[in-house]
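Engineer: Build me a model:
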Amino acid sequence: MAAVPHSVATAASLSTKVTVIVFWGLIVAGLVVAVLLLKDREADTRTARAALTDAIAYRLDQRLHEHGLDPAALDAALAELLGEHVEVGARIELGDRVLADYGPAYQDAGPQSFTRSLRGLNGPASPDIQVGVRFPNIDQSLHAERSRVLLSLGALLLLFGIALRKVLARVLTRPMTEMADTARRISEGQGGARFSSARTDEFGYLAQFIDEALDAVRRTELEAQRSRELAEVTLHSIGDGVITTNHNARVTYMNPVAQRLLGLDLVDVQGLFLAEVMPLVDEDTGASLEHSVLLCLRENRTVELDCATLLRTGMTIPIVESAAPIHGRQGEVRGAVVVFHDVSVARNLQRELTYQACHDPLTGLYNRREFDREVARALECGECDEQEHTLCYLDLDQFKVVNDTCGHAAGDRLLQQLTAHLRERLHKSDLLARLGGDEFGLLLTYCSLGRALEIVQELRDVVNAFRFEWAGKTFQIGVSIGVVELSPAIGTAAEALAAADMACYAAKDDGRNRVHVYRPDDAELSRRRDEMRMVSAVQRALHDGSFELFAQIIVPVREATTLPHYEILARMRDPDGEYISPGVFIAAAERFQLMAAIDRWVVSRAVQLAAIQARRGRPVELSINLSGQSLNEEQFLDFVADQI
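Structural biologist: Numbering: from 1, shown residues only. Have a look, this model is predicted:
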């Protein structure tokens, strides 16, 4: 047997219930009406019986006065009076004497009797004649009538119930069944199902109202679906991990990026505390951190955190995380949304950039900038804890030979190998840095000058013993080392490096492959310091034209020349306008390769002055002393010819 659809069964049951309720209501009302009618019928019956008794008594009273106490006449009178009432009996008594008795006796049925007294025949003094009229039991008499009334009422109500059932089935069950079927189709997802609004009754109005409401709901659902799809597409397409929680910080959603980063599925972690799903730790120390979502929910504000998350595999991923509260319509906190992304690549890039900013890319040693910072830090620490630190400046000897002979690739390889040998001889606390091409800095922390000299002598021996092979050739190099003890009197880090550099140059001047210790009262270093200061003065003079030419006449001792002859001399002015003798700045210029620039300026200016004198009709001959650095330049001769 096919199952009845729930909607149809519900509608049929409703119409049946309405019919039963109405039917039983009519039955109760009919019974009440029947009881009231039967009560009226009983009262009418009693009244009619009393009236019949009075009529019989009146007629008998007339017969008695006309015919006397003749029993035959009395029986005939009773038969005549009760001929139409066969169920009624009557008896005439005079005292204990029964004068006449007619009709059924009703002795066992509990008859209803009415008694009337007749006037005596011989005046008031004669005894009364009693007339008793017997009727059937009133309940028995009305029983048949009750049955007829109830049967008629039942039949009438049955017919009414059937008619009502059909009417309700048409006006109630059918439209409700149609509405129930439509509702079922709508619930099953049949989007085209609609209620019938063609009716003009309440069902039509209700159907129209429901259709309009459903249309509004469908539009709202469509918009919500589009918004949800847009949100899902957005959450799926962004590169950040997104996790939403409820107000108790339990996970309700994770986008695919978050699942991939954490190595978890949403179905496995949904409902768990977020702090259990992705515990946060300090990226540097590994210490546990309070999850940002807890602080966000507790303080109702956006929280940002730069930390790392501990995966279930035991690995950690550096992340940048932010948690923002989700508010309801009334402003209450309903949950939080956590957005995070993996910054491993950025961290590695940052470390790499930091490393590159602090280290030499060829040797992996600290570069000059970071070495300057370490020297400055050592000077500060030396002032605070009064510890001894020593700074060394190393310059390789004969390194240019390798570069010129085998190329820069060989020179780079030599530096890498030599750096590895030097680092093996140093402690972890010692800091070796590459300051330039073949120049190195060495900071010996917590090391006295005496111990530092022992260490640098060992390093010098290591360099001397080192042999570099390239393309079948073997090279031996040396190293000149300048040593300076860091003390408050040394000043800044730049001054300390300059002092070590000067000591290193002093070692080179002493014959290379030597160690020279800087001392403030060292005459050679004082001279070099003056030369270094003079170098900046020479560069300034070349830039702003602070040089001036002087002419010293040359007089022949034997025969006169046709033209005046002069030797060109150069002087330099200091910032105060005073002349500086060539004997002061020439040595510094030659040491630091500035003489070619000075010679070019002198030649250019001297040629200009000679041209001026020639145009004035006073030509002269000039002699200019040139530096060997200028004569070694291949382009210098072309320069002089161009100037002339």
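
Engineer: which parts of the lengthiest strand in the chain are buried?
Structural biologist: Across the chain, the longest stretch assigned as strand under DSSP state E is strand 316-327. By neighbour count on 16 or more other Cβ atoms under 10 Å, the buried set for strand 316-327 is Thr316, Ile317, Pro318, Ile319, Glu321, Ser322, Ala323, Ala324, Pro325, Ile326. For glycine as for every other residue, the C-beta is placed from the backbone atoms N, C-alpha and C.

Engineer: same deal with stretch 616-634?
Structural biologist: In stretch 616-634, counting by 16+ other Cβ under 10 Å, buried: Leu622, Ile624, Ser627, Gln629, Ser630.

Engineer: returning to what we had before: got a list of contacts for the longest strand of the chain?
Structural biologist: Contact with strand 316-327 is made by 244, 261, 280-281, 283, 286, 291-293, 295-297, 300-311, 333-344, 347, as judged by Cβ atoms under 8 Å, 6 or more residues apart in numbering.

Engineer: Show me how to select, in ChimeraX, the buried members of the residues you listed.
Structural biologist: This is how ChimeraX selects the buried members of the contacts of strand 316-327, with burial counted by 16+ other Cβ under 10 Å:
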select :244,261,280,283,291,292,293,296,297,303,305,307,308,309,310,334,335,336,337,338,339,340,341,342,343
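
Engineer: pLDDT score assigned to Leu431?
Structural biologist: What the model reports as pLDDT for Leu431 is 93.

Engineer: surely it meets Tyr366?
Structural biologist: Yes. Using Cβ atoms under 8 Å, Leu431 makes contact with Tyr366 at a distance of 6.3 Å.

Engineer: what do these two both touch?
Structural biologist: In contact with both Leu431 and Tyr366: Glu374, using Cβ under 8 Å, 6+ apart.

Engineer: per-residue confidence averaged over the longest strand of the chain?
Structural biologist: The pLDDT scores in strand 316-327 average 90.

Engineer: neighbouring strands for it, and are they parallel or not?
Structural biologist: strand 303-310 (antiparallel), strand 333-342 (antiparallel) (DSSP bridges).

Engineer: could you pull out the helices for the stretch 101-250 of the chain?
Structural biologist: Listed in chain order, the helices of the stretch 101-250 of the chain (DSSP state H, counting those that start in this stretch) span 138-168, 174-187, 202-237.

Engineer: any chance of these in JSON lines, plus mean pLDDT?
Structural biologist: Converted to JSON lines, the helices of the stretch 101-250 of the chain look like this (pLDDT from 0 to 100):
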{"stretch": "helix 138-168", "mean pLDDT": "74"}
{"stretch": "helix 174-187", "mean pLDDT": "72"}
{"stretch": "helix 202-237", "mean pLDDT": "73"}
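
Engineer: Which one of those lies nearest to Val269?
Structural biologist: helix 202-237 (16.4 Å; Cβ to Cβ).

Engineer: what mean pLDDT does the lengthiest helix in the chain have?
Structural biologist: The residue-count maximum for a helix in the chain (DSSP state H) belongs to helix 6-67. Mean pLDDT, helix 6-67: 72.

Engineer: ok so, going back, which of the helices of the stretch 101-250 of the chain is buried the deepest?
Structural biologist: Of all those, helix 174-187 has the most neighbours on average by mean count of other Cβ atoms under 10 Å, namely a mean of 17.

Engineer: CA atoms only: put that helix into PDB for me.
Structural biologist: In PDB, the C-alpha atoms belonging to helix 174-187 read as follows (Å, rounded to 0.1, in the frame of the first residue of the first chain):
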ATOM      1  CA  ARG A 174      -8.900  20.500  -1.200                       C
ATOM      2  CA  PRO A 175      -7.300  24.000  -1.000                       C
ATOM      3  CA  MET A 176      -5.400  23.000   2.100                       C
ATOM      4  CA  THR A 177      -4.200  19.800   0.400                       C
ATOM      5  CA  GLU A 178      -3.100  21.800  -2.600                       C
ATOM      6  CA  MET A 179      -1.300  24.300  -0.300                       C
ATOM      7  CA  ALA A 180       0.300  21.300   1.600                       C
ATOM      8  CA  ASP A 181       1.500  19.700  -1.700                       C
ATOM      9  CA  THR A 182       2.900  23.100  -2.900                       C
ATOM     10  CA  ALA A 183       4.600  23.500   0.400                       C
ATOM     11  CA  ARG A 184       6.100  20.000   0.100                       C
ATOM     12  CA  ARG A 185       7.400  20.700  -3.400                       C
ATOM     13  CA  ILE A 186       8.900  23.900  -2.200                       C
ATOM     14  CA  SER A 187      10.500  22.100   0.700                       C
END
